[in-house]
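Chemist: Fold the following.
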Amino acid sequence: VELSVVLAGEGEVFVNENLKVKAKYCIDKSIPIFDSLEESSKFLAAVKWKGTLHYSNIWVSNIEKVLFEIESFINELKICCHVSNKNNFHNIISAIKSLKKESLSNNDLPRFVESIKNARYFLSPFYDKVKKYFIHCICHSHIDMNWLWDWKDTLKTIRSTFNIIDKLMEMYPEFYFSQSQACVFKTMEENYPKLFKKIKKRISEGKFEVIASTWSEGDLNMASGESLVRQILYAKKYLQNKFGIDPGICWSPDTFGHPFSFPQILKKSGINFYYFVRCGKGYPIFQWEGIDGSKVLCVNTSAYAFSSFGNSISGKDMINEFLKVKEVNKINKALFIYGLGDHGGGLSEHDLESFVKLKEKEYLPSLKFGRVDEYYNSIKKNNLPVVKDELNFVYEGGYTTHSDIKKMNRFGESLLVNAEIFASIASLFGYD
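Modeler: Below is the predicted model of the structure:
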């Protein structure tokens with residue numbers, strides 16, 4: 001029996017009043033409780049934290065292993081059914097019939113798991129077709145720069161998230177990570193220069209992908225067009241200066257709508273790819289055409305996923321999402337977004353262990369860690385539907401709350417434009 005705890009920020013974990021784990025930045029730990037479980041077994045656990053407690057679970061390891069194997073095999077059967085035909089569907093029936101189901105009633109779990117391994121023999125005719133399907137797994141940690149916490153807490157969130165990612169890249173060389181918002185990198189540079197230097201090295205290695213085409217993941221409907229242009233301009237200037245890169249994707253998972261003019265702004269900024277979650281038109285993948293005819297390639301994961309940030313690695317979710325993309329877009333490649341989000345956190349080591357085990361399953365699609373740009377480039381030549389419309393709205397009332405702040409923001413935008421106009425005129429007469 002183990003207690004698994006994942007949190008971002010400062011924390012302490014106690015078991016039976018004994019301190020087991022104490023950390024300043026983050027905790028991702030499985031704490032042994034019992035070697036064997038008896039009916040009378042009891043323990044008291046307490047978690048004290050300042051930050052975000054992403055989850056805490058009790059794991060009974062033997063049972064969890066069996067459940068993982070059962071769920072994995074169900075997902076393998078689901079994919080095999082998808083590629084089967086009337087001439088080989090009997091193989092799936094034979095695989096199911098071969099399972100030693102009576103061993104579950106007898107509590108002989110190892111025997112049942114062994115029967116799952118033997119049942120895969122009947123699925124061999126489907127191997128080649130299944131492995132032509134691909135699921136690109138993208139780890140991203142969504143960070144709200146200000147929501148339910150203050151700026152001091154945001155700084156700790158950035159620090160703990162990037163510390164976790166750097167540690168996991170040491171442990172899993174095949175692991176990739178993608179991060180948005182240029183202001184996150186600027187904040188890290190100013191406050192945690194040693195960590196910034198580590199991440200800069202990861203970026204140069206290609207394992208840490210910067211998808212920060214905007215300064216922050218700000219609102220798109222209420223901001224003026226010039227404000228959106230400056231979001232991109234200042235982000236690109238900073239990233240080019242610090243890392244020598246020019247991201248070609250705009251990442252907007254948490255915005256509440258997307259104006260019809262935005263494809264034009266993106267295209268003229270050298271951005272061809274767009275990722276978002278809310279307010280799609282039902283297509284997982286499509287070309288979004290703006291008012292002037294500019295097009296950007298879009299992936300909208302809410303069209304096929306329950307959630308697109310804060311996800312864990314789940315074989316069931318991967319397969320369901322892949323099949324939705326295959327059904328709607330007729331494409332053999334799906335994008336799966338995972339990683340702790342809202343208050344950052346990166347991901348747990350448990351997620352990476354799950355990925356490694358799922359990747360070994362013979363009759364699941366080919367799984368790979370990767371970069372966002374790699375996925376978009378692999379699908380851009382497909383024949384995709386075109387959406388020529390704004391992508392709105394969600395969360396009715398969201399644009400009318402705190403209207404005083406929104407009014408002042410728009411007033412400030414207008415003043416800045418006017419100030420720049422007069423500054424430009426003054427420069428013609430020799431004034432700086």
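Chemist: When you work out contacts or count neighbours from here on, use the C-alpha atoms and nothing else.
Modeler: Fine.
Chemist: Can I get stretch 262-278 in CSV, CA atoms only?
Modeler: Extracted in CSV, the C-alpha atoms of stretch 262-278 (Å, rounded to 0.1, in the frame of the first residue of the first chain):
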residue,chain,number,x,y,z
PHE,A,262,-7.4,36.7,-35.6
PRO,A,263,-6.3,34.5,-38.5
GLN,A,264,-5.1,37.6,-40.3
ILE,A,265,-3.1,38.8,-37.3
LEU,A,266,-1.5,35.4,-36.8
LYS,A,267,-0.7,34.9,-40.5
LYS,A,268,0.9,38.3,-40.9
SER,A,269,2.9,37.6,-37.7
GLY,A,270,4.4,34.5,-39.3
ILE,A,271,2.2,32.1,-37.3
ASN,A,272,0.6,29.2,-39.3
PHE,A,273,-0.6,27.0,-36.5
TYR,A,274,-3.2,27.6,-33.8
TYR,A,275,-4.2,25.5,-30.8
PHE,A,276,-7.3,26.2,-28.7
VAL,A,277,-9.9,24.5,-26.5
ARG,A,278,-13.1,26.5,-26.3
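Chemist: Tell me which residues are up against that stretch.
Modeler: 213, 228-229, 232-233, 247-257, 288-302, 308, 376, 394 (C-alpha atoms under 8 Å, 6 or more residues apart in numbering).
Chemist: list the buried ones in it?
Modeler: 262-267, 271-278 (16 or more other C-alpha atoms under 10 Å).
Chemist: Selecting buried members of the contacts of stretch 262-278 in ChimeraX, what would you type?
Modeler: Of the contacts of stretch 262-278, the buried ones can be selected in ChimeraX as follows, counting by 16+ other C-alpha under 10 Å:
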select :213,228,229,232,247,248,249,250,251,252,253,254,255,256,257,288,289,290,294,295,296,297,298,299,300,301,302,308,376
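Chemist: of all the buried residues of stretch 262-278, which two lie farthest apart?
Modeler: Within the buried residues of stretch 262-278, 267 and 278 form the most distant pair, 20.7 Å apart (C-alpha to C-alpha).
Chemist: quick one: the strands in the stretch 201-350 of the chain?
Modeler: Along the stretch 201-350 of the chain, the segments classed as strands by DSSP state E, counting those that start in this stretch run 208-210, 249-252, 273-276, 285-289, 295-300, 333-338.
Chemist: Redo those as JSON lines? Include mean pLDDT.
Modeler: What follows is the strands of the stretch 201-350 of the chain, written out as JSON lines (pLDDT from 0 to 100):
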{"stretch": "strand 208-210", "mean pLDDT": "97"}
{"stretch": "strand 249-252", "mean pLDDT": "96"}
{"stretch": "strand 273-276", "mean pLDDT": "96"}
{"stretch": "strand 285-289", "mean pLDDT": "97"}
{"stretch": "strand 295-300", "mean pLDDT": "97"}
{"stretch": "strand 333-338", "mean pLDDT": "93"}
